[in-house]
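Trainee: Have a look at this fold, sequence not included:
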């Protein structure tokens, strides 16, 4: 890797370190605002119950292990709440601390000291957020959670501003981007036929989990454009990522061209991600990819670095690289496996993961609309719907831009119609709405009853589609929807799960 020493990756390090730290800040803000209502002491899926179950399972495992002399089973990934009793107040304190540390890294204060200082700061963010993800259950089961954790771990070893970034860590960042992009590309090629016949994006802009302000305009573009989109996606994910490693060719070629090729590859990935940012709301997935792809921005350096990397730091980063060489066997094998895993972790620390999304694209959009009434007779009642912040609701409302902020409840509402049955958290959501639970109502955009407890609640399924240009001009509506069926018949106030 000595050839990479002639390439200056200082700018790349600044973007990666500050960008990853900014995403941690957003993740902790999202958790601070939503975790207590979703997973807190009185949440839809209370984390204390999970922790209690894990302690009991661990105790049983230890007892069985002593009897059989086998290693005890670990039932949870690392979390501080295994040793510190969970409370909503402590969860918020953890998030507040994460926000403070993240902001300091965005400003660049820890990077002014020796390299172990930003390492400790990123390590605190990594362990703190892992403590949240480990007990987040289905609300934290998204691929970009493990992506942020892995990005934070690698950013911890990029060093400080006075010294050049370790080239081995830069290479590990390219490997992360490669797994992220190439893995997603292979998932699509092996997935639904729509990715192979180039029709996937004819539907995707309309049926994606959370459309953005420009999604309707993108959906109404000509079909030939959507085919070009798919071709561009395949090129950006299956071909371009290989060229991120071009600067390594400098070992044999004494030329700035390999570094330029790597920068061009990074730019192409960033451009495609910006199109996804403009046409959708995928939390921080696209922004994380953009930040990580910036690791490819190496500038050929005519002279030696202004300061040398401390020897102890070379040993530390060399050990991290060696660790990744070992851990990468499983995700590398997964990339070529016939049954490729998507968003999978192969170790408890969520390092060297497998990534990928949208192997198939749904062709119709079905939404579950929750309605309630204050009337006594549900058969003659006037029903009013609860409006979510991000998911489609009233047909006149234009989709909003929320990413990189993550609306977790809205995302899981999109997944519901894809399953075979209603999940426990959704049933509990209906109970909380019947109780007019204040924390739950704050997750929504609009409570039609202004805090009053409804008498009845039900769930109705609708098919949504974007309004055509003519329909938009005639009605002013962004969506057209037609009612399918009553999914959950009226449930009275006072019901308990």
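Mentor: Yep, that arrived. From a predicted model like this one, the values you see are computed outputs, not experimental measurements. Residues are numbered from 1 along each chain as shown.

Trainee: residue contacts, the residue nearest the centre of the chain?
Mentor: By Cα atoms, centre = their mean, the chain has its centre lying nearest to residue 144, at 2.6 Å. With Cβ atoms under 8 Å, 6 or more residues apart in numbering as the criterion, the residues that contact residue 144 are 282-285, 288. (Glycine included, C-beta is placed from N, CA and C.)

Trainee: quick one: low-confidence ranges for the stretch 151-300 of the chain?
Mentor: By pLDDT under 70, the low-scoring segments of the stretch 151-300 of the chain are 251.

Trainee: what's the closest non-adjacent residue to the residue nearest to the centre of the chain?
Mentor: Excluding its sequence neighbours, the residue lying closest to residue 144 (Cβ to Cβ, 6 or more residues apart in numbering) is residue 285, at 4.3 Å.

Trainee: Quick one: the helices in the stretch 251-400 of the chain, in order.
Mentor: 257-279, 285-293, 311-327, 329-335 (DSSP state H, counting those that start in this stretch).

Trainee: Point out the other helices and strands that the first one packs with.
Mentor: In terms of contacts (3 or more Cβ pairs under 8 Å, 6 or more residues apart in numbering; DSSP states H and E), helix 257-279 is packed against helix 167-190, helix 285-293, strand 299-300.

Trainee: can you state the direction angle for the longest one and helix 311-327?
Mentor: Here helix 167-190 points in a direction 20 degrees away from that of helix 311-327 (axes from the mean of the first three to the mean of the last three Cα atoms, to 10 degrees).

Trainee: could you point out which element follows helix 167-190?
Mentor: Heading C-terminal from helix 167-190, the first helix or strand you meet, by DSSP states H and E, is helix 193-196.

Trainee: other SSEs contacting that following helix?
Mentor: Using 3+ Cβ pairs under 8 Å, 6+ apart: helix 193-196 touches helix 167-190, helix 200-207.

Trainee: Can you point out the buried residues in the shortest one?
Mentor: So that's helix 200-207. Of the residues in helix 200-207, 200-207 count as buried by neighbour count, 16 or more other Cβ atoms under 10 Å.

Trainee: And for the first one?
Mentor: Residues 167-188, 190 are the ones in helix 167-190 that count as buried (16+ other Cβ under 10 Å).

Trainee: Quick check: which of the helices and strands packed on helix 257-279 is nearest to residue 43?
Mentor: Residue 43 lies closest to helix 285-293 among the helices and strands packed on helix 257-279, at 24.4 Å (Cβ to Cβ).

Trainee: what angle do that closest one and helix 257-279 make?
Mentor: On the basis of the same axes, to 10 degrees, helix 285-293 is oriented at 170 degrees to helix 257-279.

Trainee: sorry, back to before: any idea how far residue 300 is from the residue nearest to the centre of the chain?
Mentor: Using Cβ to Cβ, to the nearest Å, residue 144 is found at 33 Å from residue 300.

Trainee: Mind giving me the packing neighbours of the longest strand seen in the chain?
Mentor: Longest strand of the chain, by residue count under DSSP state E: strand 479-492. Other helices and strands packing on strand 479-492, by 3+ Cβ pairs under 8 Å, 6+ apart, are strand 365-373, helix 424-434, strand 456-466.

Trainee: so which of the ones you listed is the most packed in?
Mentor: Among these, the stretch with the highest mean neighbour count (mean count of other Cβ atoms under 10 Å) is strand 365-373, at a mean of 21.

Trainee: can you list the residues that contact that strand?
Mentor: Contact partners of strand 365-373, identified using Cβ under 8 Å, 6+ apart, comprise 206-207, 381-386, 391-393, 413-414, 416-417, 429-430, 433-434, 448-449, 454-465, 481, 484, 487.

Trainee: how about the nearest residue to residue 39, chain neighbours excluded?
Mentor: Closest to residue 39 by Cβ to Cβ, 6+ apart is residue 47, at 4.6 Å.

Trainee: Determine the number of other residues adjacent to the one you found.
Mentor: Neighbour count of residue 47, defined by other Cβ atoms under 10 Å: 25.

Trainee: these two touch, right, it and residue 87?
Mentor: No. Shown here, residue 47 and residue 87 do not form a contact pair, counting by Cβ atoms under 8 Å, at 10.1 Å.

Trainee: Of all the residues in the longest strand of the chain, which ones are buried?
Mentor: 479, 481, 487-488, 490-491.

Trainee: export those residues to TSV and tack on distance to residue 321 and pLDDT?
Mentor: Shown next, in TSV, are these (distance: Cβ to Cβ, whole Å; pLDDT from 0 to 100):
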residue	distance to residue 321	pLDDT
479	50	98
481	53	97
487	52	95
488	53	95
490	60	96
491	56	95
